[in-house]
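Engineer: no FASTA, just this:
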């Protein structure tokens, strides 16, 4: 069952990649077809011989100025005959261009994917209109392993200037997704997602299990600083996970739990710190860290 799920996800991911490729292939095919139609409409071209056009092969001129045919033209052998339409070389070149496209299309048709639609029809909002001077904000990517409400709140905050533009909000929501979450977005049906509220509810419902499995205080206290990371890096990692704890922890609670997670000599030196601000705690901790590195403070 797991292998089947992974296979479906791989297929869906490939489908997303091919969306842009299908548009490009469509334009190539149209251009090639247009070129072939133009050549077919023009037909074979004659190539007049140089000199007097009235004095070709098999004609002589009498004394009174009249031309008379003295012999018939010899029939052309197979090597001299022009191919039908006169464009065999062009056809071969077109065949070379079409060959990889045809192979790709056959691979698509032979796969277990659903029937492919027009690339634009596959979009949730194919007729989205961008506001003048619109620039997509930088988003932290969501991979489906953390609280969905936090990411939804982040997205809504950065797109607050366009809170009335449902189509824009739905279209660019995919920019915060990565991996399996992007595959989930691609499978959404337009009939089910008509407003951004519909998308928000579907997203939170899909990944609600992450909210139910949120960290608690005990898990935070059992964390430990890695030997390879600095105190500042550990604080950033710890606070990132602490933000997922429900109900929310205030600053003073976070400081108390964080200090309890430290090992010697940080714990002994910071347990008596009376600050209620993480910034101050980091500054004190970095001075302590510098003293340990310079061996002024024993570990």
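Structural biologist: Good, I have the coordinates. If you're wondering where the values come from, they're calculated on a predicted model, not measured in any experiment.

Engineer: point me to the helix or strand that includes residue 190.
Structural biologist: Under the criterion DSSP states H and E, no helix or strand holds residue 190.

Engineer: hang on, it packs against residue 127?
Structural biologist: No - checked against C-beta atoms under 8 Å, the pair residue 190 and residue 127 is beyond contact range at 11.1 Å. For glycine as for every other residue, the C-beta is placed from the backbone atoms N, C-alpha and C.

Engineer: which of those two has more neighbours?
Structural biologist: A direct count of neighbours by other C-beta atoms under 10 Å for residue 190 and residue 127 places residue 190 higher, at 13 against 8.

Engineer: quick one: contacts for that one?
Structural biologist: 124-125 (C-beta atoms under 8 Å, 6 or more residues apart in numbering).

Engineer: retrieve the pLDDT associated with it.
Structural biologist: pLDDT recorded at residue 190 is 86.

Engineer: could you pull out the strands for the stretch 51-200 of the chain?
Structural biologist: Ranges of strands in the stretch 51-200 of the chain, per DSSP state E, counting those that start in this stretch, are 59-61, 67-69.

Engineer: once you drop chain neighbours, what's closest to residue 261?
Structural biologist: Leaving out its chain neighbours, the residue that sits closest to residue 261 by C-beta to C-beta, 6 or more residues apart in numbering is residue 223, at 4.9 Å.

Engineer: then residue 127?
Structural biologist: Nearest residue to residue 127, sequence neighbours excluded (C-beta to C-beta, 6+ apart): residue 167, at 7.3 Å.

Engineer: can you tell me how far that neighbour is from residue 273?
Structural biologist: Using C-beta to C-beta, to the nearest Å, residue 167 is found at 51 Å from residue 273.

Engineer: more neighbours: which of those two?
Structural biologist: For residue 167 versus residue 273, the count of surrounding residues by other C-beta under 10 Å is larger for residue 167: 16 against 13.

Engineer: all helices of this protein, in order?
Structural biologist: Secondary structure of the chain (DSSP state H): helices located at 2-42, 88-110, 148-158, 166-172, 180-186, 196-206, 208-212, 217-221, 231-242, 251-260, 266-270, 278-293.

Engineer: list the buried ones in the last one?
Structural biologist: Looking back up the chat, that one is helix 278-293. 278, 281-282, 285, 288-289, 292 (16 or more other C-beta atoms under 10 Å).

Engineer: before we move on, back to that, the residue nearest to residue 127: what's it in contact with?
Structural biologist: 125, 127-129.

Engineer: which among the residues you listed gets closest to residue 219?
Structural biologist: residue 125 (39.7 Å; C-beta to C-beta).
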